[in-house]
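In: Need a 3D model of the following:
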Amino acid sequence: MTLIKGAFLLGIGFSGGVIVAAGLYAFITLLQVVQRLAARTGTANQIDFYEDSIMVGGILGNLVSIFEFRIPFTILFLTIYGFFSGIFVGCFAIALAEVIDVFPAISRRISIKMGVSFLVLCIALGKGVGAFYQLVVNRG
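Out: A predicted model of the protein is given here:
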């Protein structure tokens, strides 16, 4: 019975991970982060490399997150990694800000007259509180 339960939980976990990853990469595609970066830097001929790098980074990040193995990195490597991670998150946030005009369209469709700015504020505060909890309170 334990083997069947373990296989069932493995299947649910794997399926959930696939769904979340597909949603994230669909969101990145929707925002056209890679295409915008390639267009702005004049490196459109390297777009396959960009897409492969994002895919490999996602896979390696998931493996490190799931198996929690330690890799001895120097402070220089971690600084460079943090710099490039910050660039990616910043570009992602800018692309999202450009697409944020979705809120007025949704508010017109579902007839929300007031509170759109409150909705955006709640989303931002929720993200901030969640990040604070993860990084400061829930240090694992």
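
In: Could you check how far the longest helix seen in the chain is from the centre of its chain?
Out: When the chain is parsed with DSSP state H, its longest helix is helix 2-31. Offset of helix 2-31 from its chain centre (Cα atoms, centre = their mean, to the nearest Å): 15 Å.

In: just stretch 71-88 next, same as before
Out: Stretch 71-88 sits 17 Å away from the centroid of its parent chain (Cα atoms, centre = their mean).

In: And the helix or strand where Ala124 lies, what does it pack against?
Out: Assigned by DSSP states H and E, Ala124 falls within helix 116-132. The contact analysis (3 or more Cβ pairs under 8 Å, 6 or more residues apart in numbering; DSSP states H and E) places helix 116-132 against helix 102-109. Just so you know, the C-beta spots here come from the backbone N, C-alpha and C atoms, and that holds for glycine as well.

In: residues near Cys114, how many?
Out: Small correction: residue 114 is Met, not Cys. 7 (other Cβ atoms under 10 Å).

In: for Leu31, that is, sorry about that
Out: Quick note: Leu31 (other Cβ under 10 Å) scores 19 neighbours.
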